[in-house]
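Engineer: coordinates only, sequence not included:
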């Protein structure tokens, strides 16, 4: 089996990063790389305690993801957000995907889930499932498993302040994306102030991005 590197961009993630890293413990022999965007809390210490190698990069997910990919050593790359926890059996699903013939030319994402029992969370999960399957537009909180060869072929993550995940999956293309039936459970903290408001803002930013509005401008709108 070829080596896997998990790349996790983090910023002031001391509280949530340990759970993210703990979920990776069932996979022996993988590399864990946390790219810290110069946090002001104990993110770096939490990463070390969780068995990760820590890098420091300029703040911004696009920049941190690109830096982590460059430093990682695996032939396969798994990009994961620091507030996302993979469900049990993720490692078996990932191993099967990496071992399957032809998958070096495809990429995989996980099923989006939120750590909130509210009905609004279930509705959002269904919308994201549709968006992923029909439009081929998963976001970064669904993770991304990709061979280094394909990652390089499509140009990798762009060092932009927002929409780095959309920019990359568009270059991968819907036909080369697979959704694994393993939940990536993400913190719902940013949605609890209002699911509709947050979802509407995400949709507006996505539409503006497709219309050609620069990512730096979008970042100011997104907050």
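Structural biologist: Arrived safely. Quantities reported herein were computed from a predicted structural model and do not represent experimental measurements.

Engineer: what comes up buried for stretch 35-52?
Structural biologist: Taking 16 or more other Cβ atoms under 10 Å as the basis for neighbour counts, the residues of stretch 35-52 that come out buried are 35-37, 39, 43-44, 46-47, 50, 52. Placement of C-beta: from N, CA and C, glycine included.

Engineer: Kindly apply the preceding question to stretch 101-119 instead.
Structural biologist: Taking 16+ other Cβ under 10 Å as the basis for neighbour counts, the residues of stretch 101-119 that come out buried are 103-104, 106-114, 116.

Engineer: What about those residues, which are in strands?
Structural biologist: 107-114 (DSSP state E).

Engineer: which residues of the protein score low on pLDDT?
Structural biologist: Counting by pLDDT under 70, the low-confidence segments of the chain come to 1-2, 222-223.

Engineer: in it, which spans are strands?
Structural biologist: In the chain, the segments counted as strands under DSSP E are 4-10, 31-36, 53-56, 76-79, 84-86, 107-114, 144-147, 177-186.

Engineer: just the buried residues of stretch 35-52 now: which is nearest residue 218?
Structural biologist: Comparing the buried residues of stretch 35-52 against residue 218 with Cβ to Cβ places residue 37 closest, at 18.2 Å.

Engineer: List the residues that contact the closest one.
Structural biologist: Residues near residue 37 by Cβ atoms under 8 Å, 6 or more residues apart in numbering: 9-11, 56-60, 63-64.
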